[in-house]
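1. Quick one: sequence and predicted model below, then my questions.
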Amino acid sequence: MGPGGQEPRGRGEALRSGPAALSAAAAAAAAAALALVAALLLLRREDAGPGTGCSMAGTPALPKLREDFRMQNKSVFILGASGETGRVLLREILEQNLFSKVTLIGRRRLAFDDEAYKNVNQEVVDFEKLDDYASAFQGHDVGFCCLGTTRKKAGAEGFVRVDRDYVFKSAELAKAGGCKHFNLLSSKGADKSSNFLYLQVKGEVEARVEELQFDRYSVFRPGVLLCDRQESRPSEWLVRKFFGSLPESWASGHSVPVVTVVRAMLNNAVSPSCKKKELLDNKAIHDLGKADSCLKP
């Protein structure tokens, strides 16, 4: 914060507080540097992954794929619609009118003023007692999971419970309820053997959901998500600003706008699949999220 509005200090006071001020500034700078280093460490690998999904080459243009998809009158549920990615995903689903029924599953009801949201169904559940809410997961053809929290917000134990246990239990109930295509928002570098708790948990839940044997299982591993998050997360803000200042050609290898992730998820959902499991890394997400501009009718 700037000094505006504060009473001027005497020379002696300024000198005495100088070392403390320098120490605080150094600590802040160190924290910022550590945040950037951590981000780069988490993103240092480009996940080629086994099976990044089918090539769009030779398939019909997306408008035709979307129209064919709409004709199937499929239903969808979204987990994590209150978060940044889930919020944008819901908006895009409604704008594209892809599903005959849209259901949000969460711990609280969300308020919407726009008329476009009037037919959105909401199921309020207690994630600690999900078995009691099995009916909320029944009858959906497609599911999108954008559920997640942070270690800072929930603590290490809470983070594991939300990002692994809640996600897996939800997927388990969705499978039992008839869901055919499950889409999981994960993270670049996800690896159950990682020494980083975040990447380890993401890798663990990816593997556990795969064991459920959905007809189609799509995993999205984006880099740093670029968005104007409503919730205050200073370290993420710093990282986003860092990537936002870099040349697009470099930044796109390690970050991606949320809207691009969402469009990649939906473009993938309406497109034919040649594999039971699809693993889309940051580059594949960029390519598929911008597929409208490169596919010919």
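-> That came in fine, so what should we check first?
2. tell me which element A174 falls in.
-> Assessed by DSSP states H and E, A174 sits inside helix 167-176.
3. List the buried residues in that helix.
-> Of all the residues in helix 167-176, those buried under the rule 16 or more other Cβ atoms under 10 Å are 167-175. In this view, the C-beta of every residue, glycine as well, is placed from N, C-alpha and C.
4. Next: stretch 202-211.
-> In stretch 202-211, counting by 16+ other Cβ under 10 Å, buried: 202-206, 208-210.
5. Please apply the same query to stretch 106-113.
-> Under the neighbour-count criterion of 16+ other Cβ under 10 Å, stretch 106-113 has G106 buried.
6. can you check stretch 115-124 too?
-> When neighbours are counted by 16+ other Cβ under 10 Å, the buried residues of stretch 115-124 are found to be 117, 120, 122.
7. Could I get the contacting residues of the nearest residue in space to Y166 that is not next to it in sequence?
-> In space, and not counting its chain neighbours, Y166 is closest to F127: 4.7 Å by Cβ to Cβ, 6 or more residues apart in numbering. Contacts for F127 (Cβ atoms under 8 Å, 6 or more residues apart in numbering) come out as 107, 162, 166, 169-170.
8. repeat for R263
-> Counting by Cβ under 8 Å, 6+ apart, R263 has contacts 92, 288-290, 292.
9. what would those residues look like in a markdown table with distance to F69, neighbour count and pLDDT?
-> Output for those, formatted as a markdown table (distance: Cβ to Cβ, whole Å; neighbours: other Cβ atoms under 10 Å; pLDDT from 0 to 100):
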| residue | distance to F69 | neighbour count | pLDDT |
| --- | --- | --- | --- |
| E92 | 14 | 15 | 97 |
| L288 | 15 | 25 | 94 |
| G289 | 17 | 24 | 94 |
| K290 | 19 | 14 | 89 |
| D292 | 15 | 13 | 71 |
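10. quick one: which of those sit in helices?
-> Those of those mapping onto helices are 92, 288-289, per DSSP state H.
11. would you turn these into JSON lines with distance to S271?
-> Below are those laid out as JSON lines (distance: Cβ to Cβ, whole Å):
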{"residue": "E92", "distance to S271": "15"}
{"residue": "L288", "distance to S271": "8"}
{"residue": "G289", "distance to S271": "13"}
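12. Go through those residues and name the one nearest S255.
-> In terms of Cβ to Cβ, no member of the ones in helices among the contacts of R263 lies closer to S255 than G289, at 12.7 Å.
13. quick one on the thing from earlier: out of the contacts of F127, who's nearest G189?
-> Nearest to G189 out of these is V162 (Cβ to Cβ; 19.0 Å).
14. any idea how far V162 is from S218?
-> Distance from S218 to V162, counting by Cβ to Cβ, to the nearest Å: 21 Å.
15. what helix or strand does A207 sit in?
-> Counting by DSSP H and E, the element that carries A207 is helix 197-210.
16. what mean pLDDT does stretch 64-76 have?
-> Mean per-residue pLDDT for stretch 64-76: 97.
17. Can you get me the start-to-end distance on it?
-> 20 Å (Cα to Cα, to the nearest Å).
18. ok, residues contacting it?
-> So stretch 64-76 is contacted by 59-60, 93, 96-103, 139-144, 269-271, 297 (Cβ under 8 Å, 6+ apart).
19. of these, buried ones?
-> Buried members of the contacts of stretch 64-76, scored by 16+ other Cβ under 10 Å, are 60, 93, 96, 98-99, 102-103, 140-144, 269-271.
20. Let me see the ranges of the strands in the stretch 51-200 of the chain.
-> 75-79, 101-106, 121-124, 142-145, 181-185 (DSSP state E, counting those that start in this stretch).
21. Let me have these in TSV, extended by distance to P257.
-> Below are those laid out as TSV (distance: least, Cβ to Cβ, whole Å):
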stretch	distance to P257
strand 75-79	19
strand 101-106	23
strand 121-124	27
strand 142-145	17
strand 181-185	14
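22. All good on my end, thank you.
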